[in-house]
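S.K.: Return atomic coordinates for the entry below.
(one chain, ligands or ions: 1)
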Amino acid sequence: MKELKERILSDGRCLPGGILKVDNFINHQMDPVLMKRMAQELVVRLGGCGANKILTVEASGIAPAIMVGYLMELPVVFAKKRVPSTMEGTLTAEVFSFTKNRTYTICVSADYLHKGDRVLFVDDFLANGNAALGVLELVEKSGAEIVGMGFLIEKSFQKGGEVLRRRGVKVESLARIASLDDCKITFNE
Ligand code: 5GP
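M.R.: Residues are numbered from 1 along each chain as shown. Next up, the predicted model:
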């Protein structure tokens, strides 16, 4: 998506270790106009998957997910990163965080994810795919089905995209970054 790639080039910053900082329009300050356009593009690409529910992971996935859910008029569920003591019938999975270098538990109440659900997963970044694989595990445990995954930014020099596509998941990413070497942002296409 041209507009996103231009914004990444103008406002994105590379951090050591292959991290792209997009704090001024996605991850801290948010640009709702761009967020809406990105959601519209995800709907063009994934709206035909037959989803009845959008799933994301808190916190940074919530903004794009709610926009997609709004446009598709579908409920949006976010997996929590801490298991609340008040939650009953919880589905959980362990996820290793690439940016924080630690493992955490994601959870969703079985009330909001169950057999018969056709789930579209939306998130800000796809890197090594750990969050997405954790979500796949949650969805499998619930008896629901993943019908597609949409990301704003995929770092294709990390293995997540390949792993998910090899597993047969329909994956769409609006900007695919081929390299962040020497702090230079290069796109795949
Ligand atoms: P994965 O689980 O695919 O390895 O990483 C995806 C998650 O880690 C995303 O939800 C995102 O929050 C975070 N992440 C991974 N790489 C980056 C990055 O380069 N920049 C930012 N801002 N977040 C990232």
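
S.K.: Near the ligand, which residues of this structure are found?
M.R.: By the rule CB under 6 Å from any ligand atom, the part of the chain lying against the ligand is 19-22, 27, 60, 98-99, 123-132, 155, 160. (Glycine included, C-beta is placed from N, CA and C.)

S.K.: Among those, name the ones in strands.
M.R.: Secondary structure from DSSP state E places 19-21, 123-126, 155 of the residues of the chain next to the ligand in strands.

S.K.: Need those in a markdown table (columns: neighbour count and pLDDT).
M.R.: Below are those laid out as a markdown table (neighbours: other CB atoms under 10 Å; pLDDT from 0 to 100):
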| residue | neighbour count | pLDDT |
| --- | --- | --- |
| 19 | 14 | 95 |
| 20 | 19 | 97 |
| 21 | 13 | 97 |
| 123 | 22 | 98 |
| 124 | 21 | 98 |
| 125 | 24 | 98 |
| 126 | 27 | 98 |
| 155 | 24 | 98 |
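
S.K.: For the residue nearest to the spatial centre of the chain, give its distance to residue 182.
M.R.: When CA atoms, centre = their mean is applied to the chain, the residue found nearest the centroid is residue 123 (1.6 Å). Per CB to CB, to the nearest Å, residue 123 is found 27 Å from residue 182.

S.K.: Then residue 135?
M.R.: Distance from residue 135 to residue 182, by CB to CB: 33 Å.

S.K.: Identify the residues contacting the longest helix seen in the chain?
M.R.: If you go by DSSP state H, the chain has its longest helix at helix 32-46. Contacts to helix 32-46, defined as CB atoms under 8 Å, 6 or more residues apart in numbering, come from residues 1, 3-4, 7, 25-26, 63-64, 67-68, 70-72, 120, 122, 148, 150, 152, 170, 172, 174.
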